[in-house]
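1. coords please:
(one chain, ligands or ions: 2)
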Amino acid sequence: MSLVERQDTISQDSAVWNGGMGSVSDYVALLKPRVMSLVIFTAFVGLMLAPGSVHPVLGGVAILCIAIGAGASGALNMWYDADIDEIMSRTQKRPIPAGKITGEEAFAFGMTLAIGSVVTLGLLVNWFAGAFLAFTIFFYVVIYTMWLKRSTPQNIVIGGAAGAFPPMVGWASVTGSVSLESFVLFLIIFMWTPPHFWALALFKSGDYRAAGVPMLPVVAGETSTRHHILAYSLILAPVGMSPYFLGFASPVYGAASAVLGLAFLALAANVWRRREGDEARKACVNLFRFSIFYLFLLFALLLGESLVAGA
Ligand code: HEM
Ligand SMILES: CC(C)=CCC/C(C)=C/CC/C(C)=C/COP(=O)(O)OP(=O)(O)O
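-> Residues are numbered from 1 along each chain as shown. Ligands and ions are numbered 1, 2, ... in the order given. Predicted coordinates for the structure are as follows:
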């Protein structure tokens, strides 16, 4: 059975016993709100750090459009991935495999929000930012979800760029352009994504194996994945400090990002050391949780400094 036929079957089965539209909370779940909250925060920081100013109402509109665009890409990801989400324990309860929303409904919802957010950002803010948002959605849905995710263990390294673009979109909403500073924000998230994800994938590799998704631990093995996590963390620590090295963050940021980078590295080294049983699992969970805290704090520090400088 082809992928499309398989997704249609899942949708039709679901629609039969569900008997209609999902609830509001099912549609909200399609937006991947928890993951996207940090994405939206990084976009907000990009917008706040950009030179010049934008009317607060337009700034709000830009963030709303980026948030809706991010949610739309989550819904389209769930539409396309319904067949593998049904197999993996972490994703089985999502609205489509749980039979709350059909694949067709999710697709229509995602496309409507994607087009609406891009056109609104283009018309009300600027078309460079609108096109950048469209490209980011395209990158996550088509390049990552439809192509790389099922074809290469480097899927999240290349595909991770999609999650790193939002601060550049926020920045572009103010300036209508890109710059070295906005690229540095991109680079931080780009280097952060592999250890963020592989820490989780290490102890969820059974799920990915069952679903036939070639994530690194499944294809290259756990030892190689641990090496990759350590290598990316070693690069991430100085990249996280680069706003200070490049002169657009203060020594306070420099010191704080150094401490955070070292802590990240220590947790990655712990994942590398502890390879068996519950200790290994705990080391992965600790790194995964800290990765989220790390990115939030780094961007919060940059935001704090820009607010203090602007006061
Ligand atoms: C290709 C890139 C990425 C992959 C493959 C990935 C994968 C994952 C996975 C599988 C989870 C597990 C939990 C869940 O399903 O909610 C997760 C959680 C999370 N991710 Fe990522 N992620 C990526 C990029 C990002 C980016 C760019 C951000 C934010 C800037 C982010 C923020 C988060 C947050 C906040 C959580 C915790 C959600 C919760 O508490 O439920 N992720 N990520
Ligand atoms: C503005 C805009 C369009 C932002 C998009 C940001 C973006 C690409 C975030 C990626 C976050 C994420 C949950 C990836 C996991 O995909 P997955 O399919 O491997 O994870 P899953 O198995 O949990 O579905």
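2. Just the pLDDT at the closest residue to ligand 1 within the stretch 151-300 of the chain, thanks.
-> Going by CB to the nearest ligand atom, ligand 1 is nearest to Gly163 of the stretch 151-300 of the chain, at 2.5 Å. For every residue, glycine as well, the C-beta is placed using N, CA and C. On pLDDT, Gly163 comes in at 98.
3. Can you tell me how far it is from Arg273?
-> Counting by CB to CB, to the nearest Å, the gap from Gly163 to Arg273 is 28 Å.
4. Out of the two, name the residue with the larger neighbour count.
-> Legend: neighbour count by other CB atoms under 10 Å for Gly163 and Arg273, higher for Gly163 (26 against 11).
5. Which helix or strand contains that one?
-> If you go by DSSP states H and E, Gly163 is part of helix 161-164.
6. Show me what that helix is packed up against.
-> helix 180-203 (3 or more CB pairs under 8 Å, 6 or more residues apart in numbering; DSSP states H and E).
7. could you redo the last one with a cut-off of 10 Å?
-> helix 33-49, helix 56-80, helix 127-138, helix 180-203 (3 or more CB pairs under 10 Å, 6 or more residues apart in numbering; DSSP states H and E).
8. In a markdown table: the ones you listed, plus mean pLDDT.
-> Below are the helices and strands packed on helix 161-164 laid out as a markdown table (pLDDT from 0 to 100):
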| stretch | mean pLDDT |
| --- | --- |
| helix 33-49 | 97 |
| helix 56-80 | 98 |
| helix 127-138 | 98 |
| helix 180-203 | 97 |
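9. Would you agree the residue of the stretch 151-300 of the chain closest to ligand 1 is in contact with Ile137?
-> No: applying CB atoms under 10 Å as the test, Gly163 and Ile137 come out as separate, 11.8 Å apart.
10. between the two, what contacts are shared?
-> Overlap of the contact sets of Gly163 and Ile137 (by CB atoms under 10 Å, 6 or more residues apart in numbering) consists of 70, 73.
11. near ligand 1, which residues of the chain show up?
-> Within reach of ligand 1 by CB under 6 Å from any ligand atom, the chain has these residues: 34-35, 38-39, 42, 156, 159-160, 163, 189, 193, 196-197, 200, 292, 295.
12. Report the buried members of those.
-> Among those, the ones that count as buried by 16 or more other CB atoms under 10 Å are 38-39, 42, 156, 159-160, 163, 189, 193, 196-197, 200, 295.
13. Export the helices and strands packed on helix 161-164 as CSV, with columns for distance to ligand 2.
-> Shown next, in CSV, are the helices and strands packed on helix 161-164 (distance: least, CB to the nearest ligand atom, whole Å):
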stretch, distance to ligand 2
helix 33-49, 4
helix 56-80, 4
helix 127-138, 4
helix 180-203, 7
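14. For Thr145, find the nearest of those helices.
-> Nearest of the helices and strands packed on helix 161-164 to Thr145, taken as CB to CB: helix 56-80 at 4.8 Å.
15. From ligand 2, how far off is Ser291?
-> Distance, Ser291 to ligand 2, by CB to the nearest ligand atom, to the nearest Å: 13 Å.
16. Got phi/psi on Leu246?
-> Main-chain dihedrals, Leu246, degrees, to the nearest 10: phi -90, psi 0.
17. okay, and for this protein, where does confidence drop off?
-> Scanning the chain for pLDDT under 70 picks out the ranges 1-20, 311.
18. Spell out which parts of it neighbour ligand 2.
-> Within the chain, the positions near ligand 2 by CB under 6 Å from any ligand atom are 32, 35, 39, 66, 69-70, 73, 77, 81, 91, 133, 136-137, 140, 145, 149, 162-163, 166.
19. Gly103 touches Leu30, doesn't it?
-> No: using CB under 10 Å, Gly103 makes no contact with Leu30, being 11.1 Å away.
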